[in-house]
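A.B. asks: Curious how this folds, go ahead:
(one chain, ligands or ions: 2)
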Amino acid sequence: MVKLTAKILDIDYRGVLINRIDARKIGVLDGDRVQVINENTGIFVQAFVSTTEKLIEEGSVGILYLTNKKLNASDGDPFEVRFADRPASIEYIRKKMDGGKLTADETKAIVMDIVDDILSPGEISAYITGSYIQGLDMDEVEHLTRAMVATGERLNFTSHPIVDKHSIGGVPGNKISLLVVPIIAAAGLKIPKTSSRAITGAGGTADLMEVLAPVTFSAEEVQKMTEKAGGVIVWGGATNIAPADDKIIIYEYPFKIDARGQMLASVMAKKYAAGADLVVIDIPVGRNAKVATVEEGRKLAREFIDLGDRLGMKVECAITYGESPIGHAIGVNLEVREALSILEGSEIPGSLLQKSVSIAGIALEMSGKAQNGEGPMVARELLKNGKALDKMRQIIEIQGGDPNVKAADISPGENSFNVMAPENGYVVEMNNKALITIARSAGAPNDRGAGIYLHKKKGQRVEKGEPIFTIYADRGWRLDKAVETARQLMPIIVEGMLIDRVPSGYWRPETE
Ligand SMILES: O=P(O)(O)OC[C@H]1O[C@H](OP(=O)(O)O)[C@H](O)[C@@H]1O
Ligand SMILES: Nc1ccnc(=O)[nH]1
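C.D. replies: Ligands and ions are numbered 1, 2, ... in the order given. Predicted coordinates:
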C-alpha cells in the first residue's frame, strides 16, 4: 500500500497511471489491478494500472477521466493505492468458456464487475465469446436479464399499461421505431422506448434519433418526458437502465455478432427496467439476418415469450421478412429522411409503411386501442391524419430537438457513387450482410451522411446501365473504400449477370 496524490487526467478512458517506482513499491506491473481509495471521501474503485517514467512523477497517481467519474476526485486529493486481487467473476467466465452453467449469483457477479469496470475489455470479450459459443439456457438468460436490471435504475409509472417495442435487429434499413413509437403514443399510450446504437448494422435507432434530438438522458428524465409526451426514443446506454447492456454491445460490434443469450437479455432487460407491461418483439428472418429460418424465428419467439412470462411482461412476437433491407435507405441520415417522409404522408416505400403499421398494430391490439385484426388499420389512420407526425414533433421537442425538422432538411453525404446494372434483368439477390459491410466502410454509423440508397429492390426489373444503388459518404476516401468493398462483395445480383470467371489454370491448348 502506498500513499499518492491525485492528478486528474483528461483522457476519455479508464484506469490509473503510476510512476514505475511507485508501481514497484505497490508490487504491480502494467495491466494489473489496484484498489484506489480517496482518503478525503472514502470512495474507492478498482482500476487497471499503466506505468510511466515521466508523465506522472513519483508520489502522484494519474486518474483517467472515466475512472474519476466514480471517484469524483480533484487534483491534490490524498489517495491510498494497493494491489487488488483478480475478481471471482473471472473464474465464472472461465466456467462458461468450458461449457458450464452459470448460477444467478455467478451471473450477477460478472454483470456487476462489467458495470463497475472491474473486468477488462479482454475479459468481457471472453465472457461474450464463451456465451456465444457455449450458449446460455433459459435459466441463465433469466439470471442475466435480472442481473442487468438489478445493476441499474428502473422506471416506475403510476398509470398503466406501459407499452414497448423492440427489434432484434439484423436487417438493414430497419428504421421502423421512428414510426412505431409516435404511432403508439399518438394512440394515447405510453412508450418509453430505449434503443441501442448499431450492433451488427449500419445505424441503430439511437444513432438515427440522435440526428433529430439528443438521446442521452437519465432514467428519471426518461420517465418525466414519457409522462408528458407519451413517448420518447432514447439511447439505453446513457440512461443507467440496464447499464451492462451497452458495455457488452461495444465488444460485439466489431465482430458483428449478437450472442443469442445476450440478445434476449439485452432486449428484455431494457423493457423490464422501463416498466413495460406489453411488449412487441420484431424478429426479422432471412438468410443473412440474425435468424435464418422461420422455424428458428418461432423458437426465438417462444424464448422471448417465456422470458416475458418469467418477468411478468406480456410479449407478442412478429416474425418479419428480413431477407432484404426495409425500405430503400441504409445508414443514419438516409434512414431518418425516409422515416420522416412517411410521417409526412408519403406512402413510399410500401415495405417500410407496411412493416411499421403491422408492428404498431399488434401493440394497439394488445392494449385494447384496436379490435383484433384492426390494429394495422388504426395505425395507418394515425399516420394518415397527421397525428403520428404531430406526436413525433412533440417527442423531438421534449428531447431538445427542432420540432419543425422536415425530411427535406436531412441530406446524405456529399460524396456519392452510383453502381449500375451490368445487364438487363431482374434483381434476384440482395445480400444484407454485404450491404451493411459497404455502408460501414463508407463510414456508417459514425459518419451520419454515409450509407446506401437502393433504387431497385429484389424482384424489380433493371436495364443495363441504370443505377441499382448509390453509395454515399461524408469523406472522399471513405467513399473510395466503400466502392472497392462493393466491387469485391457484389451485394446485389441481377439475373443473367456474370458473377465470376474462373480461369482454366494450367491447361494449355495442345500445339504441334
Ligand atoms: O445493428 P443491429 O444489430 O441490426 O440492430 C440493433 C438495433 O435493433 C434494435 O432496434 P430498435 O430499438 O427496436 O429500433 C436496437 O435497439 C438497435 O437500434
Ligand atoms: N442485442 C440487442 C439486439 C437488438 N437490440 C438490442 O437492444 N440489443
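
A.B. asks: going forward, measure contacts between C-alpha atoms and count neighbours the same way
C.D. replies: Noted.

A.B. asks: Can you name the next helix or strand after the lowest-mean-pLDDT helix or strand in the chain?
C.D. replies: Ranked by mean pLDDT, DSSP states H and E, the weakest helix or strand in the chain is helix 236-239, scoring a mean of 86. Counting by DSSP states H and E, the next helix or strand C-terminal to helix 236-239 is helix 244-252.

A.B. asks: near ligand 1 at all, that next one?
C.D. replies: No: Helix 244-252 stays clear of ligand 1 (Cα under 6 Å from any ligand atom), getting no nearer than 9.4 Å.

A.B. asks: Spit out the contact partners of residue 112.
C.D. replies: Residue 112 makes contacts with 147, 151, 244, as judged by Cα atoms under 8 Å, 6 or more residues apart in numbering.

A.B. asks: measure it to ligand 2 for me?
C.D. replies: Distance check for residue 112 against ligand 2: by Cα to the nearest ligand atom, to the nearest Å, it reads 18 Å.

A.B. asks: interface residues of this structure facing ligand 1?
C.D. replies: Residues of the chain lying near ligand 1 by Cα under 6 Å from any ligand atom: 166-171, 177, 195-201, 204-206.

A.B. asks: Surely residue 265 touches residue 140?
C.D. replies: No: counting by Cα atoms under 8 Å, residue 265 sits too far from residue 140 to count as a contact (9.6 Å).

A.B. asks: Settle it for me: which of the two has more neighbours?
C.D. replies: More crowded of residue 265 and residue 140, by other Cα atoms under 10 Å: residue 265, with 26 against 19.

A.B. asks: How about that one: what's its closest non-neighbour residue?
C.D. replies: Computed as Cα to Cα, 6 or more residues apart in numbering, the closest residue to residue 265 that is not its neighbour in sequence is residue 145, at 4.5 Å.

A.B. asks: any idea how the chain splits into domains?
C.D. replies: 2-83, 89-135, 163-243+261-407, 415-494 (automatic domain parsing).

A.B. asks: got the residues of this protein near ligand 2?
C.D. replies: 167-169, 195-196, 258, 263, 266-267.

A.B. asks: let's see it at 8 Å
C.D. replies: Selection of the chain residues close to ligand 2 by Cα under 8 Å from any ligand atom yields 166-170, 194-197, 199, 236, 245, 249, 258-260, 262-267, 270.

A.B. asks: List the ones among the residues you listed that fall in helices.
C.D. replies: 236, 245, 249, 260, 262-267, 270 (DSSP state H).

A.B. asks: For PyMOL, what selects the buried ones among those residues?
C.D. replies: Applying 16 or more other Cα atoms under 10 Å to those, the buried members can be selected in PyMOL as follows:
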select buried, resi 236+245+249+260+262+263+264+265+266+267+270
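
A.B. asks: need the ones in helices among the residues of the chain next to ligand 2 in JSON lines with distance to residue 65, can you?
C.D. replies: Formatted as JSON lines, these follow (distance: Cα to Cα, whole Å):
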{"residue": "236", "distance to residue 65": "21"}
{"residue": "245", "distance to residue 65": "21"}
{"residue": "249", "distance to residue 65": "21"}
{"residue": "260", "distance to residue 65": "33"}
{"residue": "262", "distance to residue 65": "28"}
{"residue": "263", "distance to residue 65": "30"}
{"residue": "264", "distance to residue 65": "32"}
{"residue": "265", "distance to residue 65": "29"}
{"residue": "266", "distance to residue 65": "27"}
{"residue": "267", "distance to residue 65": "29"}
{"residue": "270", "distance to residue 65": "27"}
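
A.B. asks: Among the ones in helices among the residues of the chain next to ligand 2, which one sits closest to ligand 2?
C.D. replies: Checking these against ligand 2 with Cα to the nearest ligand atom, the nearest one is residue 263 at 3.6 Å.

A.B. asks: since we're on the residue nearest to the closest one when sequence neighbours are not counted, how many residues are nearby?
C.D. replies: Closest residue to residue 263 apart from its sequence neighbours, by Cα to Cα, 6+ apart: residue 168 at 7.2 Å. Applying other Cα under 10 Å, we find 19 residues neighbouring residue 168.

A.B. asks: Can you give me the neighbour number for the residue nearest to residue 265?
C.D. replies: Residue 145 has 30 neighbours, counted by other Cα under 10 Å.

A.B. asks: Would you confirm that it contacts residue 271?
C.D. replies: No: using Cα under 8 Å, residue 145 is not in contact with residue 271; the gap is 10.2 Å.

A.B. asks: Averaged pLDDT, the helix or strand where residue 381 lies. What do you get?
C.D. replies: Assessed by DSSP H and E, residue 381 sits inside helix 375-384. Mean pLDDT, computed over helix 375-384, is 97.

A.B. asks: Of all the residues in it, which ones are buried?
C.D. replies: 375-376, 378-380, 382-384.

A.B. asks: any idea how far it is from the chain center?
C.D. replies: The chain centroid and the centroid of helix 375-384 are separated by 28 Å under Cα atoms, centre = their mean, to the nearest Å.

A.B. asks: which secondary structure elements does it contact?
C.D. replies: helix 177-186, helix 350-366 (3 or more Cα pairs under 8 Å, 6 or more residues apart in numbering; DSSP states H and E).

A.B. asks: then the first one to PDB, C-alphas only?
C.D. replies: In this case it means helix 177-186. Output in PDB follows, covering the C-alpha atoms of helix 177-186 (Å, rounded to 0.1, in the frame of the first residue of the first chain):
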ATOM      1  CA  SER A 177     -39.100   2.600 -34.400                       C
ATOM      2  CA  LEU A 178     -39.100   6.200 -35.700                       C
ATOM      3  CA  LEU A 179     -42.600   5.400 -36.900                       C
ATOM      4  CA  VAL A 180     -43.900   2.900 -34.500                       C
ATOM      5  CA  VAL A 181     -43.200   4.900 -31.300                       C
ATOM      6  CA  PRO A 182     -45.100   8.100 -32.400                       C
ATOM      7  CA  ILE A 183     -48.000   5.900 -33.700                       C
ATOM      8  CA  ILE A 184     -48.300   4.100 -30.400                       C
ATOM      9  CA  ALA A 185     -48.000   7.400 -28.400                       C
ATOM     10  CA  ALA A 186     -50.500   9.100 -30.700                       C
END
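
A.B. asks: That helix versus helix 350-366: what angle between them?
C.D. replies: 30 degrees (axes from the mean of the first three to the mean of the last three Cα atoms, to 10 degrees).

A.B. asks: average pLDDT across helix 177-186?
C.D. replies: 98.

A.B. asks: Residue 13 and residue 63 touch, don't they?
C.D. replies: No: contact criterion Cα under 8 Å: residue 13 and residue 63 do not qualify, at 9.5 Å.
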